[in-house]
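K.L.:
Got a predicted structure here, sequence first:
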Amino acid sequence: MTCPNPGIGWPRRWKPPTAYVGPTLPDGSTIPECPRGQIERLVAELDTRGYSLRAGFEIEFNAFEESLTTARRLDQLGLHWESWLDEGGTGQFELNLEPAEALATADAVTQARVAIREVAEEQGHCVTFMAK
């Protein structure tokens, strides 16, 4: 059984009063198999050794058309992105997120992918993300 954890998530500012929340176990601990939980444990371990972890991420996806609405949605979420560009193939785009603390970057990737997918759906399109 998992429980929603409001500390892991973000409000959907374009669809109030809804939000995305991440799950935890009933005792509040992270799910061992969850990628976010694994990053959380790695960051904690590095911290005990005096290190910190920063990460950037490149999101590649295919869409039928580029949308300024997507860029605006990312801005509304407070996501800091460095570039948005056409890739080699028709309808292939690349979005580069600014490097940040590792857990914040993991959350930003999730938020960005959700925002990109929702904007596409609102416009009657779909997106396919490249595996990373």
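P.N.:
Cool, the structure landed.

K.L.:
what's the pLDDT at residue 1?
P.N.:
Listed pLDDT for residue 1 reads 67.

K.L.:
roughly how far apart are the residue lying farthest from the centre of the chain and residue 43?
P.N.:
Distance to the chain centre peaks in the chain at residue 49, reaching 27.3 Å (criterion: Cα atoms, centre = their mean). Distance of residue 49 to residue 43, computed by Cβ to Cβ, to the nearest Å: 11 Å. For glycine as for every other residue, the C-beta is placed from the backbone atoms N, C-alpha and C.

K.L.:
okay, and the common contacts of the two?
P.N.:
Common neighbours of residue 49 and residue 43, using Cβ atoms under 8 Å, 6 or more residues apart in numbering, do not exist here.

K.L.:
got the contact list for the longest helix seen in the chain?
P.N.:
Taking DSSP state H as the criterion, the chain has its longest helix at helix 102-122. Here helix 102-122 makes contact (Cβ under 8 Å, 6+ apart) with 8, 10, 20, 35-36, 39-40, 42-43, 53-57, 59, 61, 63-64, 67, 69-70, 73-74, 77, 79-81, 95, 97, 99-100, 126-127, 129.

K.L.:
Alright, that wraps it up for me.
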